[in-house]
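# fold the stuff below for me.
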Amino acid sequence: MRQVKLGHTGVSVSALCLGTMTWGTQNTEKEGQAQADMAMDAGLNFWDTAEMYPVNPVSAETVGRSEEIIGSWLASRGGRSRLVLATKVTGEGQAAVRNGAALTGAIMREAVDGSLKRLRTDYIDLYQLHWPNRAIPHFRDIWTYDPRGNDKSSVEAHMIEILEVSQDLIRQGKIRQIALSNETVWGTARWLALAEAQSLPRMACVQNEYSLLCRQFDSDWAELSVLEDMPLLAFSPLACGILSGKYAGDVTPEGTRRALNPALSGRITPQVFPATAAYLGIAARHGLDPCQMALAFCLARPFQVIPIIGATNLAQLAANIGAVDLTLSPAVLAEIDAAHRNHPQPY
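From the prediction side, this is the model:
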């Protein structure tokens, strides 16, 4: 698989990233390790996880299990240096992790040590803040978003605290890069400005949702991404499987994510099925696998996108990996643009 530079860091990573959030719920340890083997055989050396994973559901009983499965794979296969490993510290409000406590510098230190132990490694390549403590418009909250409760001075004091702790963790060799997730343009601009002003670590990238059905990154975020050399790690690039077509007709196949999460965290709406049908139609007319088309679209954006691909079986993973070699024609891209204009924000 081709390698790309991760923004300003100089670190080379695979053009696709392997997501592991199903390992420990939808996938057993054996299945997760089989996915890991397939990924490595394909040259997919960039893996993403989080201390709160697995999901569907997130529960106190399973928190950290995805990291543990990666750790057991590393213990049995070795070769830590082959991987670029990313994980995340949980933000405020997730009851299953520290009873929903807000992120602080002390919590970050504790969380890093916990992840290192579960991953059975001495260092984390990319350590991400899973989401901010403050109110943000992500996770379908854009419809009712009200930022007036956010206080600039306290937000910036928190940012400086986290950046200072990050600098110390980097000096200790526990993490190598710090990064964002589910962040806004304003928030990211402040992280970057404060880091520059105080000679603290610079955020390497951002992990936000992005797909044919969720394109909030296409405007202000795209500009910041290019001008600040901040890549997007795109989570849910297949919209939790919606873009595969398996839920077309509002069905719920057994064993799918929707069987565990009926609304797919707010992604199932009356508007989503006509939008999905438009993209499935484009793929069918051009003889394309719809999942590969959706991933290839992400790879072709005018800002750097590294899609995070997840799967519940090896056939899905193999198909998704194949997207890295697909180049969409101008005709396909024109039809995608037309579909987006007709279905701009289905959820």
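# and the nearest residue to R258 once chain neighbours are set aside, what does it touch?
Of all residues not flanking R258 in the chain, T252 sits nearest, at 4.7 Å (C-beta to C-beta, 6 or more residues apart in numbering). Every residue, glycine included, has its C-beta placed from N, CA and C. Applying C-beta atoms under 8 Å, 6 or more residues apart in numbering, we find T252 in contact with R258, A259, P262.
# all helices for the stretch 1-150 of the chain, in order.
Using DSSP state H, counting those that start in this stretch, the helices of the stretch 1-150 of the chain run over residues 29-41, 65-77, 105-119.
# where's the residue nearest to R258, which helix or strand?
T252 is part of no helix or strand when elements are defined by DSSP states H and E.
# quick one: Q94 and A50, what's the gap?
Counting by C-beta to C-beta, to the nearest Å, the gap from Q94 to A50 is 10 Å.
# and these two? Which one has more around it.
A50 (26 against 17; other C-beta atoms under 10 Å).
# what's the spacing between Y210 and N182?
12 Å.
# and those two? which has more neighbours close in?
Per other C-beta under 10 Å, whichever of Y210 and N182 has more neighbours is Y210, with 26 against 21.
# who's in contact with that one?
Q216, F217, L232, A234, F235, S236, P237, C298, V305.
# what about it, distance to W221?
Using C-beta to C-beta, we find Y210 at a distance of 9 Å from W221.
# what do these two both touch?
Going by C-beta under 8 Å, 6+ apart, residues that sit against Y210 and also against W221 are L232.
# show me where the stretch 101-250 of the chain has its strands.
Assigned by DSSP state E, counting those that start in this stretch, the strands in the stretch 101-250 of the chain fall at 124-129, 175-181, 206-209, 232-235.
# any chance of JSON lines for those, columns mean pLDDT, mean neighbour count and distance to P274?
Output for the strands of the stretch 101-250 of the chain, formatted as JSON lines (pLDDT from 0 to 100; neighbours: other C-beta atoms under 10 Å; distance: least, C-beta to C-beta, whole Å):
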{"stretch": "strand 124-129", "mean pLDDT": "99", "mean neighbour count": "25", "distance to P274": "34"}
{"stretch": "strand 175-181", "mean pLDDT": "98", "mean neighbour count": "24", "distance to P274": "30"}
{"stretch": "strand 206-209", "mean pLDDT": "98", "mean neighbour count": "25", "distance to P274": "20"}
{"stretch": "strand 232-235", "mean pLDDT": "99", "mean neighbour count": "24", "distance to P274": "23"}
